[in-house]
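Q: pasting a predicted model and its sequence here:
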Amino acid sequence: MPFTQMNQIILLIFDTISIIIYILFLFTIIVNRKQQPFQSEFFRLSISLGVADIATVIHSYIFVRFPSWGWDKDWFLRNGSNGSFLPFYAISVQFALSFSQHLGVLLIGINRYSRIVLKQSSYDKMWSGRKLYIAVALQWFLATVWWATMIPQDFNYWNCYNNATSLSAGHFVATVDFTEESVQAIYYALAFALNVPINLISFAIYAVVFILSIKYTLKRRHCQVGVAESTPSTLVNAGHSRRIAISSRAQKRLASVGTMNVEKQMMLTLLCTNGY
């Protein structure tokens, strides 16, 4: 077996295993969607992104990678001549699914950022009820609009000899693309103009979320250390016969909150006493 073909098989096996695990992950979320924590908006958005991820990988293999590797390329060449439905479907759906992926990642980033910086009441107002479904619908609607713009265009599967350094180098393969190079250049430029800002915004949001998460984790550990090292006063919870230690240092820390609203004071109280 040629080395390049072995690489293709290894990549296919790896992606197949990944897809199976991903499907099981989504299945777990869907089955337990009425239970915590899977009831949250984050996991509902994850379902939408997961569908886009899985569909993109499967579609890419069937209509782009397999023919570009030379696998059953003759079938694609017979059924993928200019004006036929197959090459249009291959390119337009691939573009739309990829765009939906980018939007899904952005939505989850916004959701996590708002969860950290907003009060619980504001977060619930932002994501509860129809607003969550509107966000998901918008993700797929914009991807559909992107797909619809390609309806008037022509596409084709081309039979070409691949002499580049790739998995299919030295073989005749079938590649799918726009028939007109000028139209191809326009669409690839549009894809770049749309996806790059989305990716940059997503990167910035996830970076802020990561930094804030580290900050809150360190604050929580500091509170726990303060409680453990100090001489505690004891409050007894009669319902559970549980002792909650609040050190004088933690009490001073709570008193210094000052301008924080009542909800955040309560959160900090739990943070410094129960270790949440």
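A: Arrived safely, thanks for sending.

Q: can you name the next helix or strand after the helix or strand hosting Val173?
A: Using DSSP states H and E, Val173 maps to strand 171-178. Counting by DSSP H and E, the next helix or strand C-terminal to strand 171-178 is helix 181-229.

Q: which residues in the stretch 1-150 of the chain form helices?
A: With DSSP state H, counting those that start in this stretch as the criterion, the stretch 1-150 of the chain has helices at 3-31, 41-60, 66-68, 73-79, 85-117, 120-127, 130-148.

Q: could you measure from the closest residue to Glu41 other than its chain neighbours over to Arg115?
A: With sequence-adjacent residues excluded and distances taken as C-beta to C-beta, 6 or more residues apart in numbering, Glu41 is closest to Trp127, at 4.4 Å. Bear in mind the C-beta positions are built from the backbone N, C-alpha and C, glycine included. According to C-beta to C-beta, to the nearest Å, Trp127 stands 8 Å off from Arg115.

Q: so between these two, which is more surrounded?
A: Taking other C-beta atoms under 10 Å, Trp127 and Arg115 do not tie; Trp127 has more neighbours (20 against 16).

Q: so what's that one up against?
A: Trp127 makes contacts with Glu41, Asn111, Ser114, Ala135, as judged by C-beta atoms under 8 Å, 6 or more residues apart in numbering.

Q: any idea how far the second one lies from Ile21?
A: Pointing back at Asn111 there. 23 Å.

Q: try the last one
A: Ala135 sits 26 Å away from Ile21 when distances are taken as C-beta to C-beta.

Q: out of the two, which sits in the busier spot?
A: Legend: neighbour count by other C-beta under 10 Å for Ala135 and Ile21, higher for Ala135 (20 against 10).

Q: close enough to count as contact, the more buried one and Ile108?
A: No - counting by C-beta atoms under 8 Å, Ala135 does not reach Ile108; the two are 10.2 Å apart.

Q: Gln94: neighbour count?
A: So Gln94, with other C-beta under 10 Å, has 18 neighbours.

Q: give me every residue that touches it.
A: Thr56, His59, Ser60, Phe63, Val64.

Q: ditto for Trp147
A: Contacts for Trp147 were tallied using C-beta under 8 Å, 6+ apart; they are Ser92, Val93, Phe95, Ala96.

Q: circling back to that earlier point, contacts for the strand holding Val173?
A: Identification of contacts with strand 171-178 by C-beta under 8 Å, 6+ apart yields 4, 63-64, 67-70, 73-74, 76-77, 80, 87, 90-91, 153-162, 184, 187.

Q: by neighbours, which of the contacts of Gln94 wins?
A: Phe63 (21 neighbours).

Q: distance check, it against Ser92.
A: 11 Å.

Q: what about Leu49, neighbour count?
A: Leu49 has 21 nearby residues by other C-beta under 10 Å.

Q: my read: it touches Ile108, true?
A: Yes - when contacts are counted by C-beta under 8 Å, Leu49 is listed as touching Ile108 (6.3 Å).

Q: tell me the contacts of Tyr206?
A: Applying C-beta under 8 Å, 6+ apart, the residues contacting Tyr206 are Gly109, Arg112.

Q: residue contacts, Phe85?
A: Counting by C-beta under 8 Å, 6+ apart, Phe85 has no contacts.

Q: with His102 instead?
A: Leu194, Asn195, Ile198, Asn199, Ser202.

Q: next: Ile201.
A: Taking C-beta under 8 Å, 6+ apart, we find Ile201 in contact with Leu106, Gly109.

Q: check what pLDDT it gets.
A: Looking at Ile201, its pLDDT stands at 94.

Q: ok, it to Tyr187 distance?
A: 22 Å.

Q: low-confidence regions, the stretch 151-276 of the chain specifically.
A: 161-172, 222-276 (pLDDT under 70).

Q: about what we covered before: how about the helices of the stretch 1-150 of the chain in a markdown table, adding mean pLDDT and distance to Val208?
A: Shown next, in a markdown table, are the helices of the stretch 1-150 of the chain (pLDDT from 0 to 100; distance: least, C-beta to C-beta, whole Å):
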| stretch | mean pLDDT | distance to Val208 |
| --- | --- | --- |
| helix 3-31 | 88 | 26 |
| helix 41-60 | 94 | 16 |
| helix 66-68 | 86 | 38 |
| helix 73-79 | 80 | 44 |
| helix 85-117 | 92 | 6 |
| helix 120-127 | 90 | 16 |
| helix 130-148 | 94 | 19 |
